[in-house]
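*Asks:* Just the structure for this:
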Amino acid sequence: MSPTEILQKYWGYPSFRPGQEDIVNAVLEGRDTLALLPTGGGKSICFQVPAMALEGVTIVVSPLIALMKDQVRQLKNRGIIADAIYSGMRKSDIDRVFDNAVYGNTKLLYMSPERLLTELARVRIGKMNVALIAVDEAHCISQWGYDFRPPYQQIAEIRELHPEVPVIAVTATATPEVVVDIQESLDFKKGAFVYQQSFGRDNLAYVVRRPEAKEKQILQILKGVPGTSIVYVRSRGLTKQLALMLQRSGIAAASYHAGLEPEEKDRRQEAWINGKLRVIVATNAFGMGIDKPDVRSVIHYGPPDSPEAYFQEAGRGGRDGETAFAIMLYHPADGERLRRHWALSYPEIKEIKRIYRALGSYLQLAVGSGKGEAYDFDLVPFSQTFGFDVRQAYAGLKALERAGYIILTEAIHQPAKLQFIATKEQLYDYQLKNRDKDKLVKSILRTSHGAFLNPVQLQEGSLANFLNISLEELQRTFRKMAGEGIIDYFPTKELPQLVFTEERIDADALRIDAKQYNFLRDRAEFRINTMTAYAESDAGCRSQTLLRFFGEEETTACGICDLCRAKVVAGEEVLHPKKVYADLSERLKNDASVTLEDAISIYGSLRSTDTKRAIQQLIDEGLLVREGQYLRRT
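*Replies:* Have a look, this model is predicted:
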């Protein structure tokens, strides 16, 4: 099948978006490829379609477990065989997934960069028929990037196992320095293809408001901008508070944060996607991998700590090409909050060593042990036990992660699993002797095939409802059956995983690169200063300000942000017909005609009425001629 036929069959799209086909063709030609597309530009399609066109497995490196699991789920729903390996999985599950990729017909295998570099992974990948290596969120490879992940810098080592296999790297947020770093770090070969769309969004109006009461402002925005909305906030508690406020105001809203049960997350997300909820109030845990085209407003309760994060989150509005609003609510205290957070995010190196020493005590790890071991890890009790500020403890752990000593994953949901270890004869005898367990055993055997061979996933809530018992009673029963040697029972896990990538050493022997650490701290401070300057400025154009951060200097004013609109109201940029004629004449130097639609959009959608009026006047004066849907000069 051709790439377009694959796109139609599995995704239902008749054609590619601008740029996608060029990227896909470059990959299929065997060229290393870097795709820089704005949020909502369809980056995943650029490696998923080639994966289906090529013979063999495509290895996808991704930094977020939640994003990996979501993409795998979406691919399976499309009839594509995909799987994922990440920190915290059971060894038996990792073996099974690797075996399927080596001997089966897995098309896409998602892996975290940390898992990609283990000796087990290298051996298994060496045996695979690898067609393509895809690096998602490729900005993580660069220390200039806002989410620098040192393991990303070692991805190129996998190329040694399959030297002829091309690499595609994709990202929506890359400064010029990051673009260079990505290609160098991934050992791009001669003839590599780099595709970069402007990160600008003509239909997205950036707005900053500085209200005294942010809650009241949100209600005013939702009243003035109909349609679906996302409200981003900084804490779980605030998601609940604002969602409740909106509900009491008659707006269908729900909160969303990492602490929700996975089933509840899915339920709220689906309700929002399907239009049953108008507003989702969320932390930044929401949005990755979600493609809802008709979001009309994205409201930030306060500024995030980097332009990259803001650009990605705001960019979830208006993916259908219609006008949408990215609105930031700002108070001077928000700038102070960002600076305090920055100070806590980069503790002194001696404090990092103290955190490492406490970690060994907390997990009862002897010096020289622990390498490769994964532990359930709850940050709050750890911090309370040793008297750390939670934010500072987290920052210290992330510094240890960057230095290569540990990996700290986000919270992951691992459903409960069960395997029968008794023989079928022993199980039958157990059922005869324990009649109260008979219905439970039969239910599992009827709904879970292969439970004697491998652990099978359990829907414990549904099973408890079917048996008319509480979830706690069901789990007690499973633990009792495990103690009796009938089953192996693996309870549900929800905590983050902490993995020691090296044996525990004496804290005084830790090697923290002070030069790099200070560089990262300074870059983080620069990003915060950029965001506060953006929020506090009343000059220029919002879109131009953001695009300059990403190295796009030669851009025109958007015409639709709050600052551009203020100029129009002030009469500084009145759309005289002479100006419209001059600008259209410039466009018509190389083309005999332009479409009426393109002419009307020349100054942005919010000025389309003024533009139409000016064009009609030029037609009336005989300076322009309309021929159907086209305009030309006389």
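
*Asks:* Quick check: residue 107 touching residue 49?
*Replies:* No: assessed by CB atoms under 8 Å, residue 107 is found out of contact with residue 49, at 11.1 Å. C-betas here are computed from N, CA, C, even on glycine.

*Asks:* Neighbour count: the two, which is higher?
*Replies:* residue 49 (25 against 19; other CB atoms under 10 Å).

*Asks:* List the contacts of the helix or strand hosting that one.
*Replies:* Assigned by DSSP states H and E, residue 49 belongs to helix 45-53. Outside helix 45-53, the residues that touch it by CB atoms under 8 Å, 6 or more residues apart in numbering are 1, 3, 6-7, 10-11, 16-17, 20, 23-24, 27-28, 33, 35, 37, 58, 60, 75, 80, 107-108, 131-132, 134, 136, 168, 170.

*Asks:* do the same with stretch 501-517
*Replies:* Residues from elsewhere that reach stretch 501-517, judged by CB under 8 Å, 6+ apart: 114, 143, 346, 349, 352-354, 356-357, 360, 365-372, 399-400, 403-407.

*Asks:* Same question for stretch 380-399.
*Replies:* 341, 344-347, 351-352, 355-356, 358-359, 361-362, 379, 406, 408, 498, 512, 517.

*Asks:* Go again with 6 Å.
*Replies:* Residues outside stretch 380-399 that contact it (CB atoms under 6 Å, 6 or more residues apart in numbering): 344-345, 347, 352, 355, 358, 362, 379, 408.

*Asks:* Have a look at this structure and report its longest helix.
*Replies:* helix 514-536 (DSSP state H).

*Asks:* Pull out the buried positions in the helix or strand just after it.
*Replies:* Sequence order places helix 542-549 as the next helix or strand after helix 514-536, per DSSP H and E. The neighbour-count check on helix 542-549 (16 or more other CB atoms under 10 Å) flags 542-547, 549 as buried.

*Asks:* what's the angle from helix 542-549 to helix 514-536?
*Replies:* Interaxial angle of helix 542-549 relative to helix 514-536 (axes from the mean of the first three to the mean of the last three CA atoms, to 10 degrees): 170 degrees.

*Asks:* Run the chain-centre distance for helix 542-549.
*Replies:* Helix 542-549 sits 22 Å away from the centroid of its parent chain (CA atoms, centre = their mean, to the nearest Å).

*Asks:* just checking, what packs against it?
*Replies:* For helix 542-549, there is no helix or strand it packs on, judged by 3 or more CB pairs under 6 Å, 6 or more residues apart in numbering; DSSP states H and E.

*Asks:* Name the residues that touch that helix?
*Replies:* Contacts of helix 542-549 (CB under 6 Å, 6+ apart): 200, 206, 307, 534, 555, 558, 561, 563.

*Asks:* If you rank every helix and strand of the chain by mean pLDDT, what lands last?
*Replies:* Scoring the helices and strands of the chain by mean pLDDT, DSSP states H and E places helix 577-587 at the bottom, with a mean of 73.

*Asks:* What is whatever helix or strand comes next after that helix packed up against?
*Replies:* Where DSSP H and E defines the elements, the next helix or strand beyond helix 577-587 is strand 594-595. Strand 594-595 sits against no helix or strand, with contacts defined as 3+ CB pairs under 6 Å, 6+ apart.

*Asks:* ok so, going back, PyMOL command for the buried members of the contacts of helix 45-53?
*Replies:* Buried subset of the contacts of helix 45-53, written as a PyMOL selection, criterion 16+ other CB under 10 Å:
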select buried, resi 3+6+7+10+11+16+20+23+24+27+28+33+35+37+58+60+75+80+107+108+131+132+134+136+168+170
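
*Asks:* Restricted to strands, list the contacts of helix 45-53.
*Replies:* 33, 35, 58, 60, 108, 131-132, 134, 168, 170 (DSSP state E).

*Asks:* before we move on, which element is residue 180 in?
*Replies:* Residue 180 belongs to helix 176-185, assigned by DSSP H and E.
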